[in-house]
Each structure stands twice: as C-alpha cells, then as structure tokens.
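J.: next one to model:
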Amino acid sequence: MAVYLHTSVSHTSCGQSWQTDSLHFSTRPNQHIPLGNANQVLFYAMDGLAIDATEQRLFKALSDSLNALIKQSGLSAQEQSKTALLLGSTSLDIGTLTPDEGQAIGLPKIDRLSQYLQVTFGLHPLHMVINTACTASINAVLYGKKLIEQAGFKHVIVIGCEFYNLLTLAGFDSLDLLSTKQLKCFHHQRDGLILGEGIGALLLSENKPQKLPCYRIMQGHSSCDTYSLTMTAEDGSHIQSVLGTAISQSGLKISDIDLVKVHGTATYNNDIAEYHALQHCFATPVPIFALKPFIGHTLGACGAIEMALMDHLLKQEHLPVPDYVDQENEDIMLPFAAKTKPLRDYKNILINHCGFGGNNAAMVLETQQQ
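T.: Next comes the predicted model:
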C-alpha cells in the first residue's frame, strides 16, 4: 500500500509555512538567551512569537499549527474522528512545569500534549507520544505509516514539537556541545550545535494529494546501537546498517539514491559517525542537504519539522545551502547539493536521523511528479 505525505505545515525560525509561499532561510540565530551562569547561548526561536515558557504560548502554537494543517488538508470532521495522532518530542511541556517541593522528582504526564490535541480537534482516541531523543518524530512517521498499512487507518497526523526551555539549554551548555558562532555541519572547524524550537505537522494518507509534486513515503528502519549509553559508534557502522536496511526495504539499490538529507548537528562525534556511515555506504559520494544550519537542532521534533520544510521546498526553485559551504569550501567534508537545482528534481531522497542514546532511524522519500 502506498502512503503519501499529503499535507504539511511548519512553524520555525524560518516562519509559518501556511502564511507564506517562501520561508526565509537564515543561518543567523534570532535569539541570545541568558543563562544563570552568566553565559549567553544562541537560539533559533519560532518566528513571530515572543520568548517565554508559558502554557499559553505552547498550546496556542500547537493549536495554530494543527488547525492550519487540517484546514489545508480539507479533512472533514468525520475524517478527523478517524485520524490517529502521533507526537514526537524530547522535552514536551517540561518548560511549563513548576517545581513541587513536596515531590523528590517531577513526573509530568507524558501524553498531556497529544491528549489535549486529540480532544480539542476531535481526533481518533488513538494518540501516542514517541520519545526516542532526536529520532522521536521520524520514528513517529515510521509508526504512522504502519498504522495506515496494517491497522486500517486512512489518515494519521504526525506532529514533531520542541519548545524553548531553560532546562534543555542549560543541559546542553553544561556538556560543552553548543557553538558560540554558527552551526557548521560537516565542516572541519565546526564547534558545536545551536538549539532551536519549532513545530512540524504532517498528514500521512493512503490518498495521493492533488498537489504535485509530492512525496511517497517508501520504507524506513529504526534501530538502537548498544555501542554506548549516550551515542552511536563513531565508525558509522550502525548508522550505515540502518541506512542500508531502509534503502533495501524500499526496493532500491544504493546507487538509486539521488540525495541525502543529513542529520548534521555539527557536534564533533555525531558528524564524524554520520560522515563515516555515508562514506562506507556510497561508493560514489551522493550530494547532501542540511536544514539544521537554518533552524537549529530541534531535537525530537527535527524529523517532522525537516520533512515539512522539504515538502515546502518542493515548490521552490532553489535549495537553501549554508553560506559557509561556498565561502569555506576547502573545509567541507561532504559534497553539498547545488542551490540552483530544485529539490523536486531529486527522485529518491534518503533521510537520516541519529538520537542521543544510540537510536538511529532512516527513511526513503520518493518524489512523485504525476
């Protein structure tokens, strides 16, 4: 059974996709966030929203995005009632929680956001949260595809969301993983990631959308690497295995892949592991495409957000390519796709994501022109 990315919306530092025909892709973070240790960290905040950690901001942003998705898709109320919801996130609503001195540890309700959206929009009672670190929402897409293929659902909504909160920022700062300048993935002189927030909402469907081109979701694979408690093997062996399985299960050969949408966090270890995986996977280098230099690392939301941005870019004539690729070409580790070639001209696109703790996930998208 064919499963398609029917409709998508996103809200990131690039803007709200349902409000414009052309999002603005900038490699400059739009916020400097002060931390309690006198440090300031760079951050990609959602465009048009004042920074705070209130429930009102979080629930309104989620509701606006899902409302826009449903409106664009044309789903009827009856169809909504038969549509499952999967939500992928790392921090969920942790920034809105108030410490309770009567509890030794805070235990938030993990499905609070998905339940709110299910009730508010009259969706099917099946709603689920996927919380596998940075692969959360790409795993949600893989699971949503199976719900359509095997469980009788015609439509599944997948949401990836990550919101500003000081706990996440301070945590990454304490690990010395944050860049003080720019997120330069696959650059020999990279110095770390920059965090971001955002929402990506996807409608997966057995029905092919009328708008073309569109993406057919082929097959994917997700697996946990036991190399370490925190990361995947730096030799790229586990990532390579996941990529190869996703490609073969899609009925394709390695040589059929035209473009790789990389994870590309710009941390030393993550980029090295992904670099080695791609070097070993492809005998001939395949062009890569990266979105984190423009939106930051949105953790568990990045899978859905970056798919939504790719869907938006199908209508554009140029690919966003980070400025450092041309300006510092001698330091680039992998060949980036040319900005002059539209995304719709690449037929088979391999998507890769790696998660803290060693979960790796990959998926193939087929661009359909007719």
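J.: going by C-alpha atoms from here, please, whenever you check contacts or count neighbours.
T.: Will do.
J.: tell me, how many residues neighbour the nearest residue in space to residue 167 that is not next to it in sequence?
T.: Leaving aside its sequence neighbours, residue 167 sits nearest to residue 95 (Cα to Cα, 6 or more residues apart in numbering; 7.2 Å). Neighbour count of residue 95, defined by other Cα atoms under 10 Å: 18.
J.: part of a strand, is residue 95?
T.: No. Counting by DSSP: H, G, I helix; E, B strand; the rest coil, residue 95 falls outside a strand, being helix.
J.: isn't residue 358 right up against residue 237?
T.: No. Residue 358 lies out of contact with residue 237 (Cα atoms under 8 Å); the separation is 11.9 Å.
J.: by contact count, what packs against the lengthiest helix in the chain?
T.: Determined from DSSP state H, the single longest helix within the chain is helix 55-73. Packing partners of helix 55-73 (3 or more Cα pairs under 8 Å, 6 or more residues apart in numbering; DSSP states H and E): strand 3-12, strand 198-205.
J.: so which of the ones you listed gets nearest residue 117?
T.: strand 198-205 (12.0 Å; Cα to Cα).
J.: that closest one versus strand 3-12: what angle between them?
T.: 160 degrees (axes from the mean of the first three to the mean of the last three Cα atoms, to 10 degrees).
J.: which elements pack onto the very next helix or strand once past strand 198-205?
T.: Once strand 198-205 ends, the next helix or strand along the chain (criterion: DSSP states H and E) is strand 214-224. Contacts defined by 3+ Cα pairs under 8 Å, 6+ apart place strand 214-224 against strand 3-12, helix 136-150, helix 237-249, strand 359-368.
J.: partners of strand 214-224, with directions?
T.: Strand 214-224 has the following strand partners under DSSP bridges: strand 3-12 (antiparallel), strand 359-368 (antiparallel).
J.: returning to what we had before: Throw the helices and strands packed on strand 214-224 into CSV and include mean pLDDT, thanks.
T.: What follows is these, written out as CSV (pLDDT from 0 to 100):
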stretch, mean pLDDT
strand 3-12, 98
helix 136-150, 98
helix 237-249, 97
strand 359-368, 97
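J.: now tabulate the ones you listed in a markdown table and tack on mean neighbour count and distance to residue 224.
T.: Output for these, formatted as a markdown table (neighbours: other Cα atoms under 10 Å; distance: least, Cα to Cα, whole Å):
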| stretch | mean neighbour count | distance to residue 224 |
| --- | --- | --- |
| strand 3-12 | 26 | 25 |
| helix 136-150 | 24 | 12 |
| helix 237-249 | 22 | 8 |
| strand 359-368 | 25 | 4 |
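J.: closest one to residue 331 among the ones you listed?
T.: helix 237-249 (23.3 Å).
J.: identify the residues contacting the closest one?
T.: 219-223, 225, 232, 253-254, 273-274, 276-278, 280-281, 350, 352, 354, 360-364 (Cα atoms under 8 Å, 6 or more residues apart in numbering).
J.: quick revisit: could you check the angle strand 198-205 makes with the longest helix of the chain?
T.: Using the same axes, to 10 degrees, helix 55-73 lies at 30 degrees relative to strand 198-205.
J.: for residue 290, give its distance to residue 185.
T.: In this view, residue 290 and residue 185 are 8 Å apart by Cα to Cα, to the nearest Å.
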